[in-house]
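In: give me a model of this one.
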Amino acid sequence: MAESFVKEGRNVKLDEDDDFADWMTRLSPSCHDVPLNALAIPGSHDCFSYHLNTKGELGPDCTGIIKDVVDIFGSAAKEIIVKWSVTQSLTLSQQLKMGIRYFDFRVAYQASTNELHFVHGLYGPKVEPCLQEIHSYLELYPKEIVFLDFNHFYSMTPDTHNQLLNMLTEIFGKKMCPHIDMDSITLNMLWTENLQVVIFYHHELAQTQPMFWPGCAIQAFWANTDALPKLLESLDCEYAKGRPNNCFYNWQGVLTPGASTILGHLGGSLRSVLTEKANPAFVSWINGKIPTATGLNIISVDFVQLFEFIPTVISLNEKKS
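Out: Take a look at the predicted model:
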């Protein structure tokens, strides 16, 4: 169940009794012709992991950390793994309604079901119903834009890649924005052409298909640490250096557990041990900054509903006016 969403103190031009279901539609006109890689866009890290199957097999993305846990705890390991693999507790529809517009996806083919699933340590929901869920939302809100980032693939062949590419095309079709010059992709351009979906696909099979954006069109900052001081220090260094202005850029304010963290907190979870200290610090770090083509752009976290992350990100766009 979704937690209550705090709205007090937000600096966004929305009615006080509304939420962020159509925040892009309501952005100030000064944002309408700004390239989208210079707007602040709230994102969801491993957006699908609100449902992972503890009764099924381990996912093909299992890291050495997960394998160590399995070796130590045997059949009880999955209950530990799920607590450290779940990064979101809201469904995709709930995340969309709360304002999330960037979605991070990891896909695997599961032989036992003969289906494509999302995966994070354990197999998650089937891909097609989740994509249909996003499409249904876009039908309700025709001026909202989403970014779908397919950046990790497991146990997939050219045939299963083509299956996924065809699925994406069939579901989103005319809503898909083709790969174009970065300066040209603005809200006004997308609204004029009735486009709502930008799909990044990090595999060579998509490079010849103009409706998909290649992996090089989006870069990401990932500190790869479970220590908050190191995360903040790395963020400061990356921000001071400036990121490339010819692509989208995903700033990830996440802490990543190591084996020692998991084994030292067996009764805990990613949320209780890491996210609940990472998110408020990261929200403080982004607050007051102005999104630019060399600075903040897509900004993603675990458990997106916590610590006013979404309203803080959206409010950054109003500083451009």
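In: please enumerate the strands of the stretch 101-250 of the chain.
Out: Per DSSP state E, counting those that start in this stretch, the stretch 101-250 of the chain carries strands over the ranges 102-110, 115-120, 122-126, 146-154, 197-201, 213-214, 218-221, 248-252.
In: which residues does the lowest-mean-pLDDT helix or strand in the chain contact?
Out: Ranked by mean pLDDT, DSSP states H and E, the helix or strand of the chain with the weakest confidence is helix 64-73, at a mean of 73. For helix 64-73, contacts defined as C-beta atoms under 8 Å, 6 or more residues apart in numbering pick out 58, 77, 80, 81, 121, 257, 258, 259, 262, 263. Any C-beta I mention is one placed from the backbone N, CA and C, and that applies to glycine too.
In: list the contacts for the residue nearest to the fifth one when sequence neighbours are not counted?
Out: Nearest residue to residue 121, sequence neighbours excluded (C-beta to C-beta, 6 or more residues apart in numbering): residue 85, at 3.7 Å. Residues in contact with residue 85 (C-beta under 8 Å, 6+ apart) are 49, 52, 120, 121, 122, 270.
In: what separates the last one from residue 84, distance-wise?
Out: Summarising the geometry, the distance separating residue 270 from residue 84, computed by C-beta to C-beta, to the nearest Å, is 5 Å.
In: the two - which one has more neighbours?
Out: Set residue 270 next to residue 84 and count neighbours by other C-beta atoms under 10 Å: residue 270 wins out with 27 against 23.
In: how near is that one to residue 262?
Out: In terms of C-beta to C-beta, residue 270 sits 9 Å off from residue 262.
In: same question, residue 295
Out: Using C-beta to C-beta, residue 295 is found at 34 Å from residue 262.
In: okay, those two: which has more neighbours?
Out: Neighbour totals were compared for residue 295 and residue 262, and residue 262 leads with 22 against 17 (other C-beta under 10 Å).
In: contacts for the helix or strand encompassing the more buried one?
Out: Assigned by DSSP states H and E, residue 262 belongs to helix 259-264. The contact list for helix 259-264, computed with C-beta under 8 Å, 6+ apart, reads 64, 65, 68, 69, 72, 80, 84, 226, 273, 274.
In: those residues: which two are farthest apart?
Out: Greatest spatial distance among these (C-beta to C-beta): 72 and 274, at 20.4 Å.
In: how much space separates the nearest residue to residue 88 once chain neighbours are set aside from residue 83?
Out: Leaving aside its chain neighbours, residue 88 sits nearest to residue 50 (4.8 Å; criterion: C-beta to C-beta, 6+ apart). To residue 83, residue 50 is 13 Å away according to C-beta to C-beta.
In: now do residue 259
Out: Residue 259 is 14 Å from residue 83, by C-beta to C-beta.
In: quick one, which of those two is more surrounded?
Out: residue 83 (20 against 15).
In: any idea how far residue 54 is from that one?
Out: Relative to residue 54, and taking C-beta to C-beta, residue 83 is found at 10 Å.
In: so residue 310 sits in a helix?
Out: Yes: per DSSP: H, G, I helix; E, B strand; the rest coil, residue 310 lies within a helix segment.
In: so where's this structure shaky on pLDDT?
Out: 1-18, 320-321 (pLDDT under 70).
In: what about 80?
Out: For the chain, the stretches flagged by pLDDT under 80 are 1-18, 63-76, 319-321.
In: returning to that earlier point: and the contacts of helix 259-264, which of them are buried?
Out: Neighbour-count burial (16 or more other C-beta atoms under 10 Å) is assigned, among those, to 65, 69, 80, 84, 226, 273, 274.
In: so which of these sit within helices?
Out: 65, 69, 80, 84 (DSSP state H).
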